[in-house]
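[1] have a look; sequence and predicted model below, questions after that.
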Amino acid sequence: MRLPETFYLRSNVVKIATELIGKLLVTEFDGIRTSGIIVETEAYAGTTDKASHAYGGRRTSRTEVMYMPGGTAYVYLCYGIHHLFNVVTNVQGIPHAILVRGIEPLDGIDTMLARRGKEKLLPALTAGPGALSEALGIKTTHTGINLLDNKIYIEDTGIKITRSSIIASTRVGVAYAGADALLPYRFHLKDNKFVSKGKGL
DNA sequence: CAAACGATTTTCT
DNA sequence: GAAAATCGTTTGG
């Protein structure tokens, strides 16, 4: 079942980040469905979070998408190479976002292998934010699209994730954020092979 | 208009 | 384990 708009419009971005664990991230481009179970996320809490692109209420042409209503995709280029996929949450005007850092491949694995130039299904196929975006065919051109449409969306497959199987830790690559770098805003499934390496666990 | 840098991944030693 | 690859966005002149 497709997640409804109300799922994304809520205000507790950290809670939503934990709830996304175990959901299915799906893309459908050119009639080809590719998908994977979300196993790792990071919350970015808008204007009060130094690690967020929208810290201090900053608005630029790139970050403008973060101010759209929850349920919008925010995709941007990092290190000139990698397309990073985020889910915008909260109501219009509040720039919350959740970075998806790892998925466990489910549908269209052949297509994902081809997109990544890989032969075998190894964790490197979709472990890491840049890797999973490439596998799913997500590019910066998709920033701003609505997750209630049929190109990129998230499904609840009904699988249960127990609270004890979700591990909280600090976010990756945000050392510049000072005290906010210490916030436990990264979440991942315990013992899952498709969790990114980041900085160890 | 020029310069620095990054919510990363891959490759080489 | 260390370093390179690579370019749009942001910031400063």
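    Great, that's in hand. Residues are numbered from 1 along each chain as shown, chains lettered A, B, ... in the order given.

[2] find the residue closest to residue A:17 in space, skipping its chain neighbours.
    residue A:43 (4.0 Å; Cβ to Cβ, 6 or more residues apart in numbering). Where you see a C-beta, it was placed from the backbone N, CA and C, and this is true even at glycine.

[3] and residue A:100, what is it in contact with?
    A:20, A:25, A:38, A:40-41, A:85-87, A:129, A:132 (Cβ atoms under 8 Å, 6 or more residues apart in numbering).

[4] was I right to think the residue nearest to residue A:17 contacts residue A:98?
    Yes - at 5.6 Å, residue A:43 counts as touching residue A:98 under the criterion of Cβ atoms under 8 Å.

[5] what do those two both touch?
    Listed contacts common to residue A:43 and residue A:98 are A:13, A:16-17; contacts here mean Cβ under 8 Å, 6+ apart.

[6] and which of those is nearest DNA strand C?
    Ranked by distance to DNA strand C (Cβ to the nearest atom of the strand), those are led by residue A:13 at 19.7 Å.

[7] for the closest one, give its distance to residue A:53.
    According to Cβ to Cβ, to the nearest Å, residue A:13 stands 14 Å off from residue A:53.

[8] overlap in contacts, those two.
    Contact criterion Cβ under 8 Å, 6+ apart; residues shared by residue A:13 and residue A:53: A:44, A:97.

[9] residues of chain A that sit close to DNA strand C?
    Within reach of DNA strand C by Cβ under 7 Å from any atom of the strand, chain A has these residues: A:53, A:58, A:60-63, A:76-77, A:79-81, A:140.

[10] now, which of the residues you listed lie within strands?
    Mapping those onto strands (DSSP state E) picks out A:76-77.

[11] what's the end-to-end length of stretch A:62-77?
    Counting by Cα to Cα, to the nearest Å, you get 10 Å between the two ends of stretch A:62-77.

[12] let me see the contact set for residue A:14.
    By Cβ under 8 Å, 6+ apart, the contact set of residue A:14 is A:43, A:45, A:185.
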